[in-house]
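Novice: the following comprises the amino acid sequence and a computationally predicted model.
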Amino acid sequence: MCGICGLLALDGSAVDATPLGEMSETLRHRGPDSEGSVVDGPVALAARRLSIIDLEGGDQPIGNEDGSIQVVQNGEIYNYRELRAGLERAGHRFSTQSDTEVLVHLYEEHGPTFVRELRGMFAIALWDARTRCLVLARDRFGIKPLYYRTERGHLWFASELKALPTGEIDLDALEAFLAFNSIPSPLSIWSGTKKLPAGHVLVWEAKGEPRLERFARPAPVRADEVRSGEEPELAEELRARLRDSVRAHLVADVPVGVLLSGGIDSGALAALAALESSERVQTFSIGFEEGSFDELAHARKVADRYGTDHHELLVRPDAAELLPRLAAAFDEPFADSSALPTYLVSELASQHVKVALSGEGGDELFGGYYTYVADLLASRVAPVAGVLRPLVEALPSSSGKASFDYRAKRFVRAAHLPPLERHHAWKEIFSPAARAELLRPDRRGAADPLDVYHARYAETEGADHLARLQDVDLGIYLVDDLLVKTDRASMAHSLEARVPYLDEVVAAFALALPAKLKVRGLAKKRLLRKAVAPLLPRSVVYGKKRGFSIPAAAWLRGPLVPFAREVLAPERVRAQGYFRPETVSRLLDDHIGGREDLSRQLWGLLTFTLWYDHVSAQKTAVAA
């Protein structure tokens, strides 16, 4: 695991590598163990290393036998031993035991398509001096980040935005942030800076223009090609595939732990890690004083069953201290409130291990969200929902986790919409009308944020209805929200987070399942529950959905009210120049007064304001 960065002179001339040292320094938290760089003609590469595999010999950049090919990598290649064996049979010679060295030799065999052979999570920059070719690559699921920007005749790239030049705020990205509470690829908050999409390579060859190519696209099978078979056999196969993935993800020369939320996704990982590991597994959990959010008891049951070395932390609403730290860590506005406990559990884990397994991807692949239940019910009950809407809208607003009134209001407001639009509406933060009311007229974006949904959805025509909606979440919500959260929150503490559900061995199986084995009636994750039932306590297998979520609604009606009023004060909002102060104040008053749960909207406004002030302070410091 590392942070990587670099720059390329697009005209092919010798690059001025002066900025490289400062770029690398901004990524120190991603790799505090060592640093390295190489400058060759038009290209300069640098890496900060968090040593996980081959602690002594794996420093980057790493080259081939004659040094003509150089690579830096952020991530881990889980099939590197198998790849290495094949490459050695083909005559390649290795000088280290690291997974990164496999990349240069695999490139020699396959060219830029070498990434198709990789099982793992990665962002890669590879320079071939012989053909004067630069390859940037990002893994098929988008687990590891990579940003790039063209400016002043150079292509700049890095693991995080803070290592790149900035510019003006992209208004389309801001509009999308308000719709999603995160910014979807390829946008970033800075105009002109893009995220390399998942499963893509960016290739530059000798004075040409960089070209973007897709090398992988995990997708659901066609509806007439779904898996058949009896549930017990399919459950057994899934359990075996999960165990194989966990076994691969445990490969490391340092201890590996598990971030344990108390739900079945992370619980299964902890169970399988304990079965596969020759040493006692360490597990890490977060709890809350608010009863509906506290899952420590469920996590503890799993830890006790497998005798893990278990660590817990009780979270209190210290957002006044924590939210500015999160704003600095995430580089661009990011408002998934579960980032806060993820950040804290990562901090806890980093005191004991360098690597931790995390359960991202289980919900998207196996049908774990209430929205999927709603997706299947909506077409049948939409007329009734319309009749009941006045009664539902009159329900008082609760501060509980995924409360009935919150879900019911979301359902009746969107049940009448077309499938993709209602799927989004159930999760939408600010609607188009709400964005129009919130944003100043000169701060509106030109694009519809939902365009990314439509583009993704169009690619899976012929697949099952539910599978297509899951795929939208897999390619957008998972990539640009959950995986961003996990990467930034863990790497802020120099902790490598690995996600075994997002392994081709597991994902290919999940993407071929019929809808009835994922969601039926009110039952979610049907096959996954059956597969892990022998591994976990019944209360965990059949309990409600859990995760590192926080009681934001209650906090923003209680201990965080003074903080929220200070951060979202009209004069502060007015000075930033993006939102209408009177609209922000009304949203805050409506939430505090219990008229509606607007915690997700307010969390978004808080994080944007704190991020904006952090960036402004940095620019002022540089100018001084």
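Specialist: Received the coordinates, thanks.

Novice: just the strands in the stretch 401-550 of the chain please.
Specialist: 496-498, 519-520, 523-524 (DSSP state E, counting those that start in this stretch).

Novice: which residues touch the longest one?
Specialist: Applying Cβ atoms under 8 Å, 6 or more residues apart in numbering, the contact partners of strand 496-498 are 1, 50, 52, 76, 121, 249, 256, 259, 346, 354-358, 486-487, 490-491. Bear in mind the C-beta positions are built from the backbone N, C-alpha and C, glycine included.

Novice: 6 Å instead, please
Specialist: Outside strand 496-498, the residues that touch it by Cβ atoms under 6 Å, 6 or more residues apart in numbering are 1, 249, 355, 356, 357, 358, 486, 490.

Novice: what sits against the third one?
Specialist: What it means is residue 355. Contacts of residue 355 by Cβ under 6 Å, 6+ apart are 252, 256, 496.

Novice: just to check, the second one is in contact with residue 250?
Specialist: This means residue 256. Yes. Using Cβ atoms under 6 Å, residue 256 is in contact with residue 250, at 5.3 Å.

Novice: those two: which is more packed in?
Specialist: It is residue 256, of residue 256 and residue 250, that has more neighbours when counted by other Cβ atoms under 10 Å, with 23 against 19.

Novice: roughly how far apart are that one and residue 41?
Specialist: 39 Å (Cβ to Cβ, to the nearest Å).

Novice: repeat for residue 552
Specialist: From residue 552 to residue 41 the distance is 51 Å (Cβ to Cβ).

Novice: of the two, who's got more company?
Specialist: A direct count of neighbours by other Cβ under 10 Å for residue 552 and residue 41 places residue 552 higher, at 24 against 14.

Novice: so where do the helices sit in the stretch 101-250 of the chain?
Specialist: Assigned by DSSP state H, counting those that start in this stretch, the stretch 101-250 of the chain shows helices spanning 101-110, 171-180, 231-249.

Novice: tabulate those (a markdown table), appending mean neighbour count, distance to residue 410 and mean pLDDT.
Specialist: As requested, those are exported to a markdown table (neighbours: other Cβ atoms under 10 Å; distance: least, Cβ to Cβ, whole Å; pLDDT from 0 to 100):
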| stretch | mean neighbour count | distance to residue 410 | mean pLDDT |
| --- | --- | --- | --- |
| helix 101-110 | 22 | 45 | 97 |
| helix 171-180 | 23 | 15 | 98 |
| helix 231-249 | 18 | 31 | 98 |
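
Novice: and residue 379, what does it touch?
Specialist: Per Cβ under 6 Å, 6+ apart, neighbours of residue 379: none.

Novice: residue contacts, the residue sitting nearest the centre point of the chain?
Specialist: Centroid-nearest residue in the chain, with Cα atoms, centre = their mean: residue 483, separated by 1.0 Å. For residue 483, the contacting residues are 142, 143, by Cβ under 6 Å, 6+ apart.

Novice: could you pull up phi and psi at the spatially closest residue to residue 282 that is not a sequence neighbour?
Specialist: The shortest distance from residue 282 to any non-neighbouring residue, by Cβ to Cβ, 6 or more residues apart in numbering, is to residue 257 (4.0 Å). In terms of degrees, to the nearest 10, the main-chain angles of residue 257 are phi -110, psi -170.

Novice: and what of residue 152?
Specialist: Dihedral angles (degrees, to the nearest 10) for residue 152: phi 50, psi 40.

Novice: now it: how far from residue 41?
Specialist: 18 Å.

Novice: residue 425 too?
Specialist: Taking Cβ to Cβ, one finds residue 425 at 51 Å from residue 41.

Novice: low-confidence ranges in the chain?
Specialist: Applying pLDDT under 70 to the chain flags residues 1, 290-294, 317, 382-406, 408-409, 412, 414-415, 545-548, 622-624.

Novice: OK, contacts around residue 266?
Specialist: Counted by Cβ under 6 Å, 6+ apart, residue 266 has contacts 260, 359.

Novice: err, residue 23, not the other one
Specialist: Residue 23 sits in contact with 5, 163, where contact means Cβ under 6 Å, 6+ apart.

Novice: does it belong to a helix, a strand or coil?
Specialist: With DSSP: H, G, I helix; E, B strand; the rest coil as the basis, residue 23 sits in helix.

Novice: how close does it get to residue 48?
Specialist: 10 Å.

Novice: next, count neighbours for residue 563.
Specialist: 18.

Novice: so the residue nearest to it when sequence neighbours are not counted: helix, strand or coil?
Specialist: Residue nearest to residue 563 in three dimensions, not counting chain neighbours: residue 320, with 4.5 Å by Cβ to Cβ, 6+ apart. Using three-state DSSP, the structure places residue 320 in helix.

Novice: residue 320: neighbour count?
Specialist: 14.

Novice: buried residues in the host helix or strand of residue 588?
Specialist: Using DSSP states H and E, residue 588 maps to helix 581-592. Within helix 581-592, the residues that count as buried by 16 or more other Cβ atoms under 10 Å are 581, 583, 584, 587, 588, 590, 591, 592.

Novice: the residue nearest to residue 427 when sequence neighbours are not counted and residue 453, how far apart?
Specialist: Spatial nearest neighbour of residue 427, chain neighbours left out: residue 371 (6.4 Å); criterion: Cβ to Cβ, 6+ apart. Residue 371 sits 13 Å away from residue 453, going by Cβ to Cβ.

Novice: re earlier: nearest to residue 160, out of the strands of the stretch 401-550 of the chain?
Specialist: Closest to residue 160 of the strands of the stretch 401-550 of the chain is strand 496-498 (Cβ to Cβ; 15.0 Å).

Novice: sheet partners, orientation included, of that closest one?
Specialist: Its sheet considered, strand 496-498 pairs with strand 355-357 (parallel) by DSSP bridges.

Novice: what residues does the helix or strand following the partner strand touch?
Specialist: Per DSSP H and E, the first helix or strand lying C-terminal to strand 355-357 is helix 362-366. Here helix 362-366 makes contact (Cβ under 6 Å, 6+ apart) with 265, 369, 470, 473, 474, 478, 501, 510, 518, 525, 528.

Novice: of those, which is the most crowded?
Specialist: residue 470 (32 neighbours).

Novice: what distance do you get for that residue to residue 507?
Specialist: 11 Å.

Novice: same thing with residue 538?
Specialist: 27 Å.

Novice: between these two, which is the more surrounded one?
Specialist: Each of residue 538 and residue 507 has its neighbours counted (other Cβ under 10 Å); residue 507 has more, 20 against 9.

Novice: identify the spatial nearest neighbour of that one, chain neighbours not counted.
Specialist: Closest to residue 507 by Cβ to Cβ, 6+ apart is residue 218, at 5.5 Å.

Novice: count of neighbours near the one you found?
Specialist: Neighbours of residue 218 (other Cβ under 10 Å): 18.

Novice: ok, now the one 10 residues further on?
Specialist: For residue 228, the count of nearby residues is 8 (other Cβ under 10 Å).

Novice: what separates it from residue 74, distance-wise?
Specialist: In terms of Cβ to Cβ, residue 228 sits 40 Å off from residue 74.
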